[in-house]
Every structure is written in structure tokens, then in C-alpha cells.
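Q: Sequence first, predicted model second:
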Amino acid sequence: AAGPLKDSTVIEVGPGPGGLTRALLALGAKRVIAVERDERALAPLEAISQRYPGRLQVVCADAQHFDPRELLAGERAKIVANLPYNIATQLLINWLTIEPWPPWYEMMVLMFQREVGERIVAREDEEAYGRLGVLANWRCETKILFDISPSAFVPPPKVTSSVVRLVPREKPLPCDRKLLEQVAAAAFGQRRKMLR
């Protein structure tokens, strides 16, 4: 879903024991920077690192406060991740609102709960349209690529998941980002989406 990985540096958030990490490396990613805050996952990730020498860099950090630009040295990366659902929306907003724009990433391929994925790609004539759709579609081209059944996970969650691709627009419509965020928060802050 992230396209050819051969010459790509990939940022992976929340790799856990490294199921996706292994696949990214096996599919030829030049380098994977895995950001994991759970120290229990570090040993399995180290084993993967030994299998792919020099291609996996594990960073023990909280992704909400991690800026990979220093590790990228001016290169653009792809963010490919099965995000922890409890911080997925906040991480996405952080990545959508960074400055300067265009950002340090060339694409994001991320897994969300289906309901969140629908909000990300929603257009103004759709029921799921809200603050997240405004920000995401202003700065990126968005698309739900496919769904993943709960039975694909152990233990199975109670929700269906969706893989969403976001590709940054090089030149989004001119706008004051902070003002747009304030207006979107006000416009969609009421339960029935009514402006008073």
C-alpha cells in the first residue's frame, strides 16, 4: 500500500514485536526507524535488527513527542504504521499541522478504527465530515485502501479497522492553519454540528 519501498526510509510507530517491521524490511525498505515506547518490545526488535544489519533503527520514545527530522538528514520518509488506537488521531493531527509544509514525509499509510478512517476521508456532503476531515483533506489527498476484519488480530478487537493513505499536497489552498483549526473546532464542536 505504501508503494515500492526499495529506496525508502520508513517511520513505523508502535511496532510492538515487529510483525509489520519484518514485512517492511523483507519488502526492501532501505531503512526502518521504529518508534516504540514499550521496553518489552525492544528485545524482539533487536532480533529483527540483527537479521537486517544496518537497516533497522529502534528509537525508544513516545511518538507524540518524537521528531524524526534529525535522523532523516533532509530525506523525506514514508510513515507506515499500525498506530496504537488510543493516540492515533492525535498523532495524525500532529503530522497534519506541522510546519513548514510540505512536510518531512512523502506519504502516510496508517491503520485506524474504521469509524476514524471514514472521518479522515469524509467530504463536506458526507455524514462523517468534521474537524478531522477538514484538516486531512486540506493538506492531503486521502483514501481508505481496504478494511481489516477483527479476526485478523489476537485478541480480536470489537471494531473493523481500515488502512488509510494520506499523500501531502505540495501546495494546499492558502490558509492560516491555526485559524482553520479554531474554526473547524468551533464548527464541529457541537454534538449536532450547529453553529450558534
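A: Structure received.
Q: Which helix or strand in this protein has the lowest average pLDDT?
A: Ranked by mean pLDDT, DSSP states H and E, the weakest helix or strand in the chain is helix 177-188, scoring a mean of 89.
Q: which ones are touching Gln57?
A: Residues in contact with Gln57, defined by CB atoms under 8 Å, 6 or more residues apart in numbering, are 31-34, 71. No exception for glycine: its C-beta is placed from N, CA and C like everyone else's.
Q: Show me what it bridges to in the sheet.
A: Applying DSSP bridges to Gln57 gives these bridge partners: Ile33.
Q: Next, work out how far apart it and Leu24 are.
A: Using CB to CB, to the nearest Å, Gln57 is found at 12 Å from Leu24.
Q: shared neighbours, those two?
A: Common contacts of Gln57 and Leu24 (CB under 8 Å, 6+ apart): Val32.
Q: Which of the three states applies to the residue most central in space within the chain?
A: Nearest residue to the geometric centre of the chain (CA atoms, centre = their mean): Leu110, 4.4 Å. When classified by DSSP: H, G, I helix; E, B strand; the rest coil, Leu110 comes out as strand.
Q: and the nearest residue to Leu56 once chain neighbours are set aside, what element?
A: Leaving aside its sequence neighbours, Leu56 sits nearest to Ser49 (CB to CB, 6 or more residues apart in numbering; 4.2 Å). Using DSSP states H and E, Ser49 sits in helix 42-51.
Q: So which elements touch that helix?
A: helix 19-26, strand 56-59 (3 or more CB pairs under 8 Å, 6 or more residues apart in numbering; DSSP states H and E).
Q: mind running it again at 10 Å?
A: helix 19-26, strand 31-35, strand 56-59 (3 or more CB pairs under 10 Å, 6 or more residues apart in numbering; DSSP states H and E).
Q: Save these as a markdown table, and put in mean pLDDT and distance to Glu118 too.
A: Formatted as a markdown table, the helices and strands packed on helix 42-51 follow (pLDDT from 0 to 100; distance: least, CB to CB, whole Å):
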| stretch | mean pLDDT | distance to Glu118 |
| --- | --- | --- |
| helix 19-26 | 96 | 23 |
| strand 31-35 | 97 | 26 |
| strand 56-59 | 97 | 31 |
